[in-house]
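Peer 1: take a look and give me a structure for this.
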Amino acid sequence: MIYITGDTHRDFSRLYNLEENENDMLIVLGDAGINYYLNEEDMRYKKYLKSFKIKLFCIRGNHEERPENIKTYKEVEMFGGKVFIEEEYPNLIFAKDGEIYNIDGKKVLVIGGAYSVDKEIRLLYGNKWFKDEQLSPKEMNAILAKVKNQHFDIVLTHTCPYKYEPKEVFIQGLDQSKIDKSMEYFLDKIEENISYDKWYCGHYHTEKKIDKLEFMFSRIKVFNEDEFIPKYNQDGYEILRDYCKQEEVHKNGKVHCPKCKSTDIIMQKGNGEYIYGLDEIAIICNKCKKVYGFNDVKYKPNCPKEL
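Peer 2: Have a look, this model is predicted:
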């Protein structure tokens with residue numbers, strides 16, 4: 001099975017929602033955080049990730065070093081194209097920018113990189129910033145010439161075309177005129193010069209669909225399918241995400257199932273840190289044997305959905 005998810009930023013706790021199988025693979029849409037510190041800390045984390053049987057196929061984000069700049073990585077053939085792998089950690093696979101792959105029988109284009117909107121703060125406080133986080137003009141031109149007029153089943157990128165930027169999640173107070181949009185404008189050109197069936201991206205820490213493009217963050221889906229993982233909770237109850245509003249289960253002073261109106265229910269709480277206001281993410285109905293997720297939970301900026 002092949003799965004897909006958004007930015008992990010060194011938090012791979014979501015792997016515990018997947019069955020361990022060496023034939024399975026999780027696609028990470030950038031900022032995996034695996035090549036971040038570039039020291040023994042990274043090595044320790046890679047050893048931890050190696051303990052999972054599942055493969056990780058990582059698109060390059062902006063908060064991580066390019067694998068080709070790390071001497072331990074080798075360029076090898078995989079999925080009909082070139083990838084970067086360290087011999088010691090063969091389950092940690094990094095895609096090459098602009099490469100075309102055959103993944104699960106699908107023709108897949110991969111383009112990594114983006115601009116760090118927090119660049120100045122990172123430099124001010126001595127945090128990591130990677131100078132070639134974006135593609136160079138030369139790289140952009142080469143990729144565009146390579147893919148022009150082709151059809152792709154799926155496009156995987158870290159950021160998105162400029163036309164699809166989710167402005168509603170932009171950092172408040174940040175002057176957008178000072179943000180380098182080179183990658184987004186470039187992906188506009190890519191989008192205009194190819195045809196495709198589906199486009200996945202990460203970077204913005206949000207989850208939404210617009211046209212044929214889908215933004216992903218913390219949730220996991222089956223690759224090229226509109227099916228979330230896990231599908232059932234630990235009691236075997238089916239999870240119906242984004243099913244209803246919180247107010248729909250709080251009526252007339254009672255709490256009840258939004259579907260069958262049963263009061264044999266349990267409220268599923270969040271972790272107490274990610275949410276503004278009412279810390280409830282779902283209602284569990286013991287009569288329906290289903291979990292009904294709320295679609296109006298007010299998550300704090302950059303916090304992952306918990307269901």
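
Peer 1: wait, what's in contact with the closest residue in space to residue 289 that isn't next to it in sequence?
Peer 2: Leaving aside its chain neighbours, residue 289 sits nearest to residue 237 (5.0 Å; criterion: Cβ to Cβ, 6 or more residues apart in numbering). All C-beta spots, glycine's among them, are computed from the backbone N, C-alpha and C. For residue 237, the contacting residues are 284, 285, 289, 290, 291, by Cβ atoms under 8 Å, 6 or more residues apart in numbering.

Peer 1: report the strands that pair with the worst-scoring helix or strand of the chain on mean pLDDT, each with its relative direction.
Peer 2: Least confident helix or strand of the chain, by mean pLDDT, DSSP states H and E, is strand 250-251 with a mean of 83. Applying DSSP bridges to the sheet, strand 250-251 is found paired with strand 254-255 (antiparallel).

Peer 1: neighbours of the closest residue to residue 217 other than its chain neighbours, just the number please.
Peer 2: Ranked by Cβ to Cβ, 6+ apart and with sequence neighbours excluded, the top spatial neighbour of residue 217 is residue 6, at 3.9 Å. Residues near residue 6, counting by other Cβ atoms under 10 Å, number 30.

Peer 1: repeat for the one 5 residues further on
Peer 2: Residue 11 is surrounded by 12 other residues when neighbours are defined as other Cβ under 10 Å.

Peer 1: which residues touch it?
Peer 2: Contacts of residue 11 by Cβ under 8 Å, 6+ apart are residue 33.

Peer 1: tell me how far it lies from residue 26.
Peer 2: As judged by Cβ to Cβ, to the nearest Å, residue 11 and residue 26 stand 13 Å apart.

Peer 1: over to residue 144?
Peer 2: Following Cβ to Cβ, the distance that separates residue 144 from residue 26 is 29 Å.

Peer 1: over to residue 94. Which of the three states is it?
Peer 2: strand (DSSP: H, G, I helix; E, B strand; the rest coil).

Peer 1: that one: how many residues sit nearby?
Peer 2: Residue 94 has 27 neighbours, counted by other Cβ under 10 Å.

Peer 1: and the nearest residue to residue 75 once chain neighbours are set aside, what is it in contact with?
Peer 2: Spatial nearest neighbour of residue 75, excluding adjacent residues (Cβ to Cβ, 6+ apart): residue 82 at 5.3 Å. Residues near residue 82 by Cβ under 8 Å, 6+ apart: 75, 76, 96, 99.

Peer 1: could you look up the SS state of residue 82?
Peer 2: Three-state assignment for residue 82 (three-state DSSP): strand.

Peer 1: beta partners of it?
Peer 2: In beta-bridge terms (that is, DSSP bridges), residue 82 pairs with residue 77.

Peer 1: quick one: it from residue 281, how far?
Peer 2: Where residue 281 is concerned, residue 82 sits at a distance of 41 Å (Cβ to Cβ).

Peer 1: what does residue 201 give?
Peer 2: Shown here: residue 201 relative to residue 281, a distance of 25 Å by Cβ to Cβ.

Peer 1: more neighbours, those two?
Peer 2: A count of neighbours by other Cβ under 10 Å puts residue 201 above the other of residue 201 and residue 281, at 25 against 22.

Peer 1: how much space is there between the more buried one and residue 306?
Peer 2: 22 Å.

Peer 1: tell me which stretches of the protein form helices.
Peer 2: Applying DSSP state H to the chain gives helices spanning 40-50, 119-125, 137-147, 182-193.
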